[in-house]
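Trainee: Pasting a predicted model and its sequence here:
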Amino acid sequence: MNENPMVPDLDLPEDPAVHSLSGVASMGRAVVPGEIDVSHGTILYLEDVTVSFDGFRALNALTLTIDAGELRCIIGPNGAGKTTMMDVITGKTEPDSGKVFLGQSIDLTRMNEPSIARAGIGRKFQKPTVFEQHPVWENLELAMKTDKGWFASLRARLDREAQARIEETLALIGLESEARRSAGELSHGQKQRLEIGMLLMQQPALLLLDEPAAGMTDDETMQLAELLNHLRGTCSMMVVEHDMEFVAALSGATGKVTVMAEGRVLAHGTLDEVKKDETVIESYLGR
Ligand code: ADP
Ligand code: MG
């Protein structure tokens, strides 16, 4: 039972198996949202992006493309500029020069953080940020209704569609049986999955995840890989990660991995290809 009389109880399924993951692609936004022009097959396009901090080039003519529907892993030594790249994409940092486009026509360098988020880019930071005092399902509900504000969303009646989306997301992130627990009681891995669920409630076209497996146990890491693999087809993803087993689980034998170093792309190919690349080996061993 939830304690807020204004919020109806969700009719959650007793058996988690009832909710298969196959329905997920139908929830929310499809791979190709109407307002983002991906007619050329590209969801994200960076060209010659440079960012300097006191003369130091954190990004140095970075050029990179993510295909619509792709799950791209980005690896690279500390200081390579991976987080700075996400800061540029999300409008947190303004580049000195270069192009940053969502689809064919949305120029992200002309937009601020909230409008970039509304345009369909969700970002997962390293540390989970959930509403600790609130039940898990309510975290998902609040995430869905940020436009209407905190109180409005608490008092609003959940319509059927919203309930269905919350239930689908709970199943997807594997937290059905935790739905009524406070988010603060969850394990680190569960909180990370909840935050991803909260981002999904906003129906992003592109999800950016910065070291999502950091601090996770091996089991939690593999559960996260399974979740992200299930999200293929729901949104495009860019995942920055150090854990090579995690990257292998996400990229498989054919998925492309981008290696960054010193603010630019050092190598690009399958995980096996980039692991054999001499410049990549040098860049990692050189530190
Ligand atoms: P990564 O995420 O690949 O480890 P970062 O993007 O965090 O790398 O950092 C790239 C480089 O830019 C680092 O040398 C870092 O110290 C520097 N840097 C990042 N943000 C700032 C900032 N706000 N001010 C000054 N230097 C920064
Ligand atoms: Mg970083």
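Mentor: Here it is on my side, so go on. Numbers count the residues shown, from 1 in each chain. Ligands and ions are numbered 1, 2, ... in the order given.
Trainee: only C-alpha atoms for contact and neighbour calcs from this point on.
Mentor: OK.
Trainee: what ranges of the stretch 51-200 of the chain fall below the confidence cut-off?
Mentor: Residue ranges of the stretch 51-200 of the chain with pLDDT under 70: 145-158.
Trainee: Tell me which stretches of it form helices.
Mentor: 82-89, 113-119, 136-144, 150-155, 160-172, 188-201 (DSSP state H, counting those that start in this stretch).
Trainee: partner residues bridging the residue minimising distance to the centre of the chain?
Mentor: With distances taken as Cα atoms, centre = their mean, the residue of the chain nearest its centroid is Leu207 (3.3 Å). Beta-bridge pairing of Leu207 under DSSP bridges involves Gly122, Met237.
Trainee: Could you number the chain from 33 rather than 1 from now on?
Mentor: Got it, the first residue is 33 from now on, which makes the last one we talked about Leu239.
Trainee: Skipping adjacent residues, who's closest to Ile98 in space?
Mentor: Excluding its sequence neighbours, the residue lying closest to Ile98 (Cα to Cα, 6 or more residues apart in numbering) is Leu76, at 5.0 Å.
Trainee: Look at that neighbour and report its pLDDT.
Mentor: At Leu76, the model reports a pLDDT of 98.
Trainee: Pull up the pairing partners for the helix or strand that contains it, direction included.
Mentor: Using DSSP states H and E, the element containing Leu76 is strand 74-85. According to DSSP bridges, strand 74-85 has the following sheet partners: strand 88-99 (antiparallel), strand 129-134 (antiparallel).
Trainee: would JSON lines of the ones you listed with distance to ligand 1 and mean neighbour count be doable?
Mentor: Output for the strands paired with strand 74-85, formatted as JSON lines (distance: least, Cα to the nearest ligand atom, whole Å; neighbours: other Cα atoms under 10 Å):
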{"stretch": "strand 88-99", "distance to ligand 1": "4", "mean neighbour count": "19"}
{"stretch": "strand 129-134", "distance to ligand 1": "16", "mean neighbour count": "19"}
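Trainee: Can you pull up the residues of the chain that come close to ligand 1?
Mentor: For the chain, the contact set with ligand 1 under Cα under 6 Å from any ligand atom comprises 85, 90, 110-116.
Trainee: Now restrict these to buried residues only.
Mentor: Taking 16 or more other Cα atoms under 10 Å as the criterion, what is buried in the residues of the chain next to ligand 1 is 90, 112-116.
Trainee: thinking again about what came up before, what sits up against the strand holding Leu76?
Mentor: 68-69, 89-101, 126-136, 238, 268 (Cα atoms under 8 Å, 6 or more residues apart in numbering).
Trainee: Then stretch 88-103?
Mentor: Residues from elsewhere that reach stretch 88-103, judged by Cα under 8 Å, 6+ apart: 63-64, 70, 73-84, 104, 111-113, 116-117, 130, 264-271, 282-283, 287, 294-297.
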